[in-house]
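> From the sequence below, what's the structure:
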Amino acid sequence: MKPDERVQWIYSSRDNDELARRYDRWAKSYDNDLGEAYGWIGPQRAAELFSRWVPRPARILDAGAGTGLVGQALAACGYTDIAAGDLSIGMLDEARRKKVYRDFHQIVLGEPLTFESDAFGAIISVGVLTLGHAPPSALVELIRITKPGGHIIFTLRTDVFVQNGFKEKQADLEQSRAWVLEEVSDPFRPMPKGEPDVWHQIWAYRVS
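The predicted model follows:
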């Protein structure tokens, strides 16, 4: 399969089990494929915004860590206490090789998480809130495991925000005072070479 076909193949997964299997198969070539074929800049852009809101040191969960590209970007910003969570064991195995995470967890966003409430000072999630991946309900569990005053920062496709229920869910969580919006970035193209028509924004919320 050509690198420029793999993202669409991932998007077309029918359930989380199939999604995990497909990521397992992609894990070893993921970094090269995204870098060469897609020009993936999401981790760097998200880490830059993250560093404006999250003081060091902080206990961080990289939710949907994949092969660890976000962990590398956070480490470059001076963060050292990072946990990796992903549904794919194959991707987590690749993330271990980056040597930037303290611990590793198989998780499924949208399902109950095994972490205790208030377990993390901040959560980052990059490239996960997209087609065929985590649903808007996943945000509730992320809030639960984040300490009051901590931050949840994530990238979100602009079309998914409007069409897949995130706009309404995020507004509901603001209205219920579960969190407060701190910043939302201008739209940008995180994969300018592979998906030039796809736009993301980065959202930063402070948990109440």
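
> so where's the chain uncertain?
Along the chain, the model assigns pLDDT under 70 to residues 1-4, 6, 8-9, 132.

> longest helix of it?
Secondary structure of the chain read by DSSP state H shows that its longest helix is helix 16-33.

> Quick one: name whatever helix or strand follows that helix.
helix 42-53 (DSSP states H and E).

> contact partners of that next one?
With CB atoms under 8 Å, 6 or more residues apart in numbering as the test, helix 42-53 has contacts from 69-70, 72-74, 76-79, 122, 124, 126-127, 151, 153-155, 182-183, 185, 188, 190-191, 200, 202, 204, 206. For glycine as for every other residue, the C-beta is placed from the backbone atoms N, C-alpha and C.

> among those residues, which are in helices?
69-70, 72-74, 76.

> from these, which would you call buried?
Buried by 16 or more other CB atoms under 10 Å: 69-70, 72-74, out of the ones in helices among the contacts of helix 42-53.

> which of the residues you listed lies closest to Y23?
Y23 has its nearest neighbour among these in L69, at 13.5 Å by CB to CB.

> Kindly provide the distance from the residue nearest to the closest one when sequence neighbours are not counted to Q175.
Using CB to CB, 6 or more residues apart in numbering and skipping the chain neighbours, the partner closest in space to L69 is P43 (4.5 Å). Distance, P43 to Q175, by CB to CB, to the nearest Å: 31 Å.

> Compare neighbour counts for these two and give me the winner.
P43 (24 against 8; other CB atoms under 10 Å).

> That'll do, ta.
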